[in-house]
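Asks: quick check, what structure comes out for this input:
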Amino acid sequence: HVLRNFDYLFVQNEASKRYLSKIGINRVTVVGDTRFDRVLQIREEAKELPLVAKFKGDNRFTFVAGSSWGPDEDLFIEYFNNHPEMKLIIAPHVIDENHLVEIIGKLKRPYVRYTRADEKNVLKADCLIIDCFGLLSSIYRYGEIAYIGGGFGVGIHNTLEAAVYGIPVIFGPKYQKFMEAIQLLETKGAYSIKDYTELDTLLNRFHTDVAFLNETGEKAGNYVTDNAGATEKIMHMINF
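Replies: Sure, this is the predicted structure:
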């Protein structure tokens, strides 16, 4: 009944249009998802982060973990601890002292918290912990691979923020409610893992097979750009 009060509805896909048609609502156009346009805009406006760039150094293989939770951290920190060739940036979903202490307790290599980093100590660290808000969407640009947290809990967080930079995306097994995650898997721009063994196998392949790394990243980036344009379609119809 509420939906019938709208003059017009823009939807993301044909399935949504069919659902509305079944209840007699036909003032509908499929335009796609405006979030693709938004992440492209965010990429264009991404912040330069000199301390993160200095931490990464020249061509150091950097793994960015965004919106991570404890079960995610158990997996990728174990891999990080055993692979000195890799640097790690962690931007946890929950930023409080208890969680930060948990993360630090799992690390066996030098780390620094972003709010305590300077040009000297950041060079000595192998892990950079982002202990503040508002930087994650800009930080993905410094990674060769992105891990999106939440897939061992209620569901994964934003995959598009990472994919827009043309890097491979990895996440846990609970992604089924998110169409973009399903489609990223279908296009082979992302991979889902369910345990440490699968993460270990996948990251080892990314490390040793540069073509696989680059192709996966390219597919992730293309997925975002290929699905852009919903905002322009909406604005054109509103203005018309």
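
Asks: buried stuff in the longest helix belonging to the chain?
Replies: In the chain, taking DSSP state H as the definition, the longest helix is helix 210-226. Within helix 210-226, the residues that count as buried by 16 or more other C-beta atoms under 10 Å are Leu213, Thr216, Gly217, Lys219, Ala220, Gly221, Tyr223, Val224. The way it works is simple: take the backbone N, C-alpha and C, and place the C-beta from them, glycine included.

Asks: swap in stretch 100-114?
Replies: Leu100, Ile103, Leu107, Arg109, Tyr111, Val112, Arg113, Tyr114.

Asks: same question for stretch 118-132.
Replies: Using 16+ other C-beta under 10 Å as the test for burial, stretch 118-132 gives Val122, Ala125, Asp126, Cys127, Leu128, Ile129, Ile130, Asp131.

Asks: and what of stretch 77-86?
Replies: Neighbour count says stretch 77-86 has Ile77, Tyr79, Phe80, Asn81, His83, Met86 buried, by 16+ other C-beta under 10 Å.

Asks: can you check stretch 165-185 too?
Replies: Using 16+ other C-beta under 10 Å as the test for burial, stretch 165-185 gives 165-172, 174-175, 178, 180-181, 184-185.

Asks: swap in stretch 142-160?
Replies: 142-152, 156-160.

Asks: tell me which of the residues you listed fall in helices.
Replies: Using DSSP H, those in helices are Leu160.

Asks: number of nearby residues for Asp96?
Replies: Asp96 has 10 neighbours, counted by other C-beta atoms under 10 Å.

Asks: report the contact partners of the residue of the chain most remote from its centre.
Replies: No residue in the chain sits farther from the centre than Gly24, which is 37.5 Å out by C-alpha atoms, centre = their mean. By C-beta atoms under 8 Å, 6 or more residues apart in numbering, the contact set of Gly24 is Arg4.

Asks: which SS class is it?
Replies: coil (DSSP: H, G, I helix; E, B strand; the rest coil).

Asks: how far away is it from Leu3?
Replies: 10 Å (C-beta to C-beta, to the nearest Å).

Asks: that older thread, list the buried ones in the next helix or strand after the longest helix of the chain?
Replies: Going down the chain from helix 210-226, the next helix or strand is helix 230-239, by DSSP states H and E. Under the neighbour-count criterion of 16+ other C-beta under 10 Å, helix 230-239 has Ala230, Thr231, Ile234 buried.

Asks: any low-confidence regions in this structure?
Replies: Filtered on pLDDT under 70, the chain yields the residue ranges 240.

Asks: how about the helices of it, start to end?
Replies: 14-22, 34-44, 50-56, 70-81, 97-106, 121-124, 136-139, 160-163, 179-186, 196-208, 210-226, 230-239.

Asks: show me the protein divided up by domain.
Replies: The chain resolves into domains spanning 3-44+227-239, 50-226 when parsed by automatic domain parsing.
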